[in-house]
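1. This is a predicted model, with the sequence first.
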Amino acid sequence: MRAMSASASRSQLPLAAPPGSVCLLRLSAIGDVCHTVPVVRTLQAVWPQTRLTWIIGRLEAELVGDLPGVEFIVYDKAGGVRAWWELQRRLRRRRFEVLLHMQAALRANLVALCVRAPLRLGFDRARARDLQWLCTNARIAASPRAHVIDGLFAFLQALGVRERVLRWEIPIPEAARARARRWLGPPEADGGPPLLVISPCASERWNNFRDWPPERYAAVAEHAARSYGARVVLTGGPSARERRAAARIGAAAPGIELVDLVGRTGLKELLAILERARALVAPDSGPLHLADALGVPAIGLFATSNPQRTGPVRDARWIVNRYPDAVRAAFGREVEEIRWGRRVRDPAAMDRVTVADVIERLDAVFARAPRPGPLAPSTAPGPGGPGLQRTTPAVSGQAHAGTGHGEP
């Protein structure tokens with residue numbers, strides 16, 4: 001890889017004209033990949049002639065790898081060194097005008113070494129973890145207290161694109177919708193009961209506590225079933241931990257019928273289930289952002305992570321935010337006084353989210369009329385610039401993991 005000097009590359013920014021090709025590098029996780037989709041949609045809107053290539057992880061490609069107008073190159077981290085050499089071989093004769101290195105992680109940095117591009121844009125030095133700055137020659141502007149999606153859109157701002165199109169359009173295959181119908185029966189619009197989805201587990205990481213007690217999910221499920229006649233479905237990945245959580249929820253709610261789909265759905269089936277739901281209840285995790293992308297009220301449970309950094313993008317009014325309380329208890333400070341994004345490493349912190357908190361949000365959701373369909377896309381201007389107006393539905397008619405946010 002031969003890169004231009006940092007000073008030369010920075011002098012090209014913002015770009016004077018749309019580039020012919022852009023390579024985006026964001027391998028994982030599900031929530032962060034979901035946040036990357038509107039960045040891609042914005043590029044497609046403002047630079048329709050630019051060829052877009054996205055290097056992405058295997059699981060994440062199952063979610064978005066059929067987005068139209070994008071070339072996907074799948075990197076399977078499970079393949080180890082052999083997968084890296086195969087990627088290098090595949091890209092050896094490829095050259096892109098711009099690399100957007102949107103993941104500060106050692107594995108992503110090794111992947112970036114396979115990409116040939118004269119302009120290699122990465123995070124600002126504070127966020128360029130795991131020596132990402134060695135793989136880039138230009139940086140986005142520092143933004144120390146920003147949402148994850150703001151950090152991703154900062155790549156476009158550095159290139160000179162100030163618009164934001166908050167549009168996802170993640171395809172949902174009809175086969176996935178057919179499987180959802182077999183599992184759940186007709187949707188509410190066709191006479192079926194209202195649907196509440198509970199995705200109880202976040203991804204498992206060392207010293208990272210985001211799960212809510214299963215017995216509290218059970219109490220919420222019982223309230224939804226008895227107060228609103230809701231059908232409650234449990235979703236999640238195939239791990240033993242997630243299966244145990246589902247079993248505990250079922251044992252604590254013996255008086256209602258739960259549809260347990262934990263370990264049985266792929267990401268496309270999860271989308272097909274979520275698009276039928278009145279609401280999702282989940283911790284800070286990938287499914288929370290999938291629901292938000294679909295326009296489904298996402299009742300996110302936050303105590304150990306800051307929803308101002310990792311919460312829903314479209315509509316955050318339904319979340320339960322006990323992060324400030326947990327921060328005071330753990331550090332004796334206010335959120336504004338600690339490092340942005342600092343997690344609370346207390347296994348009991350999620351207990352601060354009460355059943356009453358969640359039921360209050362759930363009652364507010366069910367008090368509204370059912371959604372007729374996916375929300376129209378949101379538009380938002382970048383700093384100092386007008387937004388693009390779009391009317392395409394949030395999710396098109398073509399198209400599970402408990403993973404959430406990874407590296408910046």
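-> Right, received. Where do you want to start?
2. Would you indicate which residues of the longest helix along the chain are buried?
-> Taking DSSP state H as the criterion, the chain has its longest helix at helix 30-46. Residues 30-46 are the ones in helix 30-46 that count as buried (16 or more other C-beta atoms under 10 Å). The way it works is simple: take the backbone N, C-alpha and C, and place the C-beta from them, glycine included.
3. Give the other helices and strands that it contacts.
-> Helix 30-46 sits against strand 21-25, strand 51-57, helix 58-64, helix 148-159, strand 163-166, helix 286-294, with contacts defined as 3 or more C-beta pairs under 8 Å, 6 or more residues apart in numbering; DSSP states H and E.
4. In JSON lines: these, plus distance to L91, mean neighbour count and mean pLDDT.
-> Converted to JSON lines, those look like this (distance: least, C-beta to C-beta, whole Å; neighbours: other C-beta atoms under 10 Å; pLDDT from 0 to 100):
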{"stretch": "strand 21-25", "distance to L91": "9", "mean neighbour count": "23", "mean pLDDT": "98"}
{"stretch": "strand 51-57", "distance to L91": "9", "mean neighbour count": "22", "mean pLDDT": "98"}
{"stretch": "helix 58-64", "distance to L91": "16", "mean neighbour count": "21", "mean pLDDT": "98"}
{"stretch": "helix 148-159", "distance to L91": "20", "mean neighbour count": "22", "mean pLDDT": "98"}
{"stretch": "strand 163-166", "distance to L91": "28", "mean neighbour count": "22", "mean pLDDT": "97"}
{"stretch": "helix 286-294", "distance to L91": "27", "mean neighbour count": "29", "mean pLDDT": "98"}
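5. Need the ones you listed in a markdown table (columns: distance to E188).
-> A markdown table is the format used below for the helices and strands packed on helix 30-46 (distance: least, C-beta to C-beta, whole Å):
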| stretch | distance to E188 |
| --- | --- |
| strand 21-25 | 37 |
| strand 51-57 | 33 |
| helix 58-64 | 25 |
| helix 148-159 | 30 |
| strand 163-166 | 26 |
| helix 286-294 | 15 |
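6. and T354, which of those is closest to it?
-> helix 286-294 (18.7 Å; C-beta to C-beta).
7. next helix or strand past that closest one?
-> strand 298-302 (DSSP states H and E).
8. average pLDDT for whichever helix or strand comes after that next one?
-> Where DSSP H and E defines the elements, the next helix or strand beyond strand 298-302 is helix 307-310. For helix 307-310, mean pLDDT rounds to 97.
9. got it, and stretch 368-377?
-> Stretch 368-377 carries an average pLDDT of 67.
10. Please identify which of the helices and strands packed on helix 30-46 is closest to F209.
-> helix 286-294 (16.2 Å).
11. can you pull out the helices in this structure?
-> Shown for the chain, the helices assigned by DSSP H span residues 6-11, 30-46, 58-64, 80-91, 106-112, 148-159, 174-184, 214-228, 240-252, 267-274, 286-294, 307-310, 323-331, 355-366.
12. V39 and C201: what is the separation?
-> 27 Å (C-beta to C-beta, to the nearest Å).
13. R58 now?
-> Going from R58 to C201 by C-beta to C-beta gives 21 Å.
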